[in-house]
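Colleague: All I have is the shape, not the residue letters:
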């Protein structure tokens, strides 16, 4: 097969074993070629610029620049870029952010049996694809009031084990305001307490791990 | 009249003082409950992160490779066999990483009574982790650093809680040295002095990033602030010293009264003997 007809792929993930596995799988397909790998969002943008791949496989949870930010950066500079999210988590908030940033497809690593190669070909052909499980979780929460940016910030601090007092200190607000934020967060997430709120937020991808 | 005042006034003062004291105790209790809840949230998040970073990613990578094997098997069985070998190694690596993550969750167990020995055992643990990480593509290869534990003074039993926390903090420091310092030597020094218990973990590696040193942490890393918070929680003090390309030393100091276990049993046996 000529070089022209290869689907050229960039794979972005911060775990070497995951990159290895995907590389092995792509290596079995005569019509695909892995042209570059990256282990962070910033590196992904650099590698994209260097190789201009047809398809980018993007993990979301990485240290440093996140996958969502990388998708945004790539699509701003190269609006034609085709990006498939390959994530561990099916949380609706995270999926929504990734799709809004410009991803064409969203796959869960744990549910991808046989689907990755098909999805690569589909998206290469111009289609969009969201796995049923992900679509369902987006649909479940679509009518709910989303958390404000400030509330997401507060939630992140709760996950780091901070008390209202420390949250207030970190955000330069007073403790009563911090308490109000926490109260609103619990109400919006239908959470019983702080621990529950963090668990739900992690599951839905509202805050990164 | 004056006499009555003399009696009533101190009573009033006492009553007010008592109420304030009760309120203070209640407040303290509330704070300690909140602290415990917050610690639990933090711990849960850490566990989730560890699992995500190690076990889950490793196994998922392996699954992709197995899928490759499945596709190759009918027509290219020899290539498939090669992939299977790699998948088996990757599986072992994932198990080992997962085991490390789990190991950190139950450190209370293996510490036992012999802290110096428990710390000495870290050497072989991190050495094997180091070798394993070296085998992963794109990772730093090279020799694992030498590791030794020095003990000064005669060992005095520590309180179990302090012992476990000291172990956790020292373990984190040793792990950082093995993982990030590119050191030739990692050394743990334990000093049993009468008034103070001290542990120092030092290496001769590349030193900490100045930004990390200044802010106490790097985004996404829990190491230093976690250690410092843990130390403060039980009344210890953590000092970090680091110089670019000269190494890093982390010193944990705990007052003897907090650190050492009282020994009522020794007293009992003495009384028993004297009688």
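Modeller: Arrived safely, thanks for sending. As the structure is a computational prediction, the values presented were derived from the model and not from experiment.
Colleague: Would you state the predicted confidence (pLDDT) at the residue nearest the centre of chain A?
Modeller: Nearest residue to the geometric centre of chain A (Cα atoms, centre = their mean): residue A:60, 3.3 Å. Per-residue confidence for residue A:60 comes out at a pLDDT of 89.
Colleague: With the one 10 residues further on instead?
Modeller: Looking at residue A:70, its pLDDT reads 95.
Colleague: Assign it to helix, strand or coil.
Modeller: helix (DSSP: H, G, I helix; E, B strand; the rest coil).
Colleague: That one: neighbour count?
Modeller: For residue A:70, the neighbour count with other Cβ atoms under 10 Å in any protein chain shown is 27. Just so you know, the C-beta spots here come from the backbone N, C-alpha and C atoms, and that holds for glycine as well.
Colleague: try the one 3 residues further on
Modeller: The number of residues packed around residue A:73, counting by other Cβ under 10 Å, is 18.
Colleague: I'd guess it is in a strand, am I close?
Modeller: No: secondary structure assignment (three-state DSSP) places residue A:73 in helix, not in a strand.
Colleague: separation between the closest residue to it other than its chain neighbours and residue A:78?
Modeller: The spatially closest residue to residue A:73, leaving aside those adjacent along the chain, is residue A:45, at 5.1 Å (Cβ to Cβ, 6 or more residues apart in numbering or on different chains). Using Cβ to Cβ, to the nearest Å, residue A:45 is found at 10 Å from residue A:78.
Colleague: Also residue B:203?
Modeller: Going from residue B:203 to residue A:78 by Cβ to Cβ gives 44 Å.
Colleague: Looking at these two now, which is surrounded by more residues?
Modeller: Comparing residue B:203 with residue A:78 by other Cβ under 10 Å, the one with more neighbours is residue B:203, at 27 against 16.
Colleague: Quick check: beta-bridge partners of that one?
Modeller: Per DSSP bridges, the residues bridged to residue B:203 are residue B:186, residue B:248.
Colleague: correct me, but it touches residue B:248?
Modeller: Yes: with contact defined as Cβ atoms under 8 Å, residue B:203 and residue B:248 form a contacting pair (5.7 Å).
Colleague: hey, what's in contact with both of those two?
Modeller: Shared contacts of residue B:203 and residue B:248 (Cβ atoms under 8 Å, 6 or more residues apart in numbering or on different chains): B:177, B:181.
Colleague: Mind jotting down where the strands sit in chain A?
Modeller: For chain A, applying DSSP state E gives strands covering A:7-12, A:32-38, A:55-58, A:82-87, A:105-108, A:129-130.
Colleague: just how off-centre is the fourth one within its chain?
Modeller: Mean C-alpha position of strand A:82-87 versus that of the full chain (Cα atoms, centre = their mean, to the nearest Å) differs by 8 Å.
Colleague: deepest of the strands of chain A, which one?
Modeller: Among those, strand A:55-58 has the highest mean neighbour count (mean count of other Cβ atoms under 10 Å in any protein chain shown), at a mean of 27.
Colleague: near chain B, anything from it?
Modeller: No: contact of strand A:55-58 with chain B is not found when judged by Cβ under 8 Å from any Cβ of the partner chain; the minimum separation is 10.6 Å.
Colleague: Against which helices or strands is that strand packed?
Modeller: The criterion is 3 or more Cβ pairs under 8 Å, 6 or more residues apart in numbering or on different chains; DSSP states H and E, and the helices and strands that strand A:55-58 contacts are strand A:7-12, helix A:41-51, helix A:67-77, strand A:82-87, helix A:115-124.
Colleague: Any idea which of those gets closest to residue A:23?
Modeller: Residue A:23 lies closest to strand A:7-12 among the helices and strands packed on strand A:55-58, at 6.9 Å (Cβ to Cβ).
Colleague: strands paired with that closest one, and their directions?
Modeller: Going by DSSP bridges, the partners of strand A:7-12 are strand A:32-38 (parallel), strand A:55-58 (parallel).
Colleague: Can you check which helix is longest in chain A?
Modeller: When chain A is scanned for its longest helix (criterion: DSSP state H), the result is helix A:175-189.
Colleague: Now stretch B:193-209: buried residues?
Modeller: In terms of neighbour count (16 or more other Cβ atoms under 10 Å in any protein chain shown), stretch B:193-209 has its buried residues at B:196-208.
Colleague: Now find how far off-centre that stretch is within its chain.
Modeller: Stretch B:193-209 sits 14 Å away from the centroid of its parent chain (Cα atoms, centre = their mean).
Colleague: Same check on stretch A:167-175?
Modeller: That offset, for stretch A:167-175, works out to 29 Å (Cα atoms, centre = their mean).
Colleague: Likewise for stretch A:20-32?
Modeller: Worked out by Cα atoms, centre = their mean, stretch A:20-32 lies 22 Å from the chain centre.
Colleague: do stretch A:154-166 as well
Modeller: What separates the centre of stretch A:154-166 from the centre of its chain is 23 Å, taken as Cα atoms, centre = their mean.
Colleague: quick one: contacts of it?
Modeller: For stretch A:154-166, the surrounding residues in contact (Cβ under 8 Å, 6+ apart) are A:147, A:167, A:170-171, A:175, A:178-179, A:181-182, A:185, A:194, A:197-198, A:201-202, A:206-207, B:34-35, B:38-39, B:41-43, B:45.
Colleague: Next, the distance between the ends of that stretch.
Modeller: End-to-end distance of stretch A:154-166 (Cα to Cα, to the nearest Å): 10 Å.
Colleague: Pull out the buried residues from it.
Modeller: Using 16+ other Cβ under 10 Å as the test for burial, stretch A:154-166 gives A:154-164, A:166.
Colleague: Would you map out the domains in chain B?
Modeller: With domains defined by automatic domain parsing, chain B comprises B:1-106, B:144-275.
Colleague: Including mean pLDDT, could those domains go into TSV?
Modeller: Listed next are the domains of chain B as TSV, based on pLDDT from 0 to 100:
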stretch	mean pLDDT
domain B:1-106	80
domain B:144-275	80
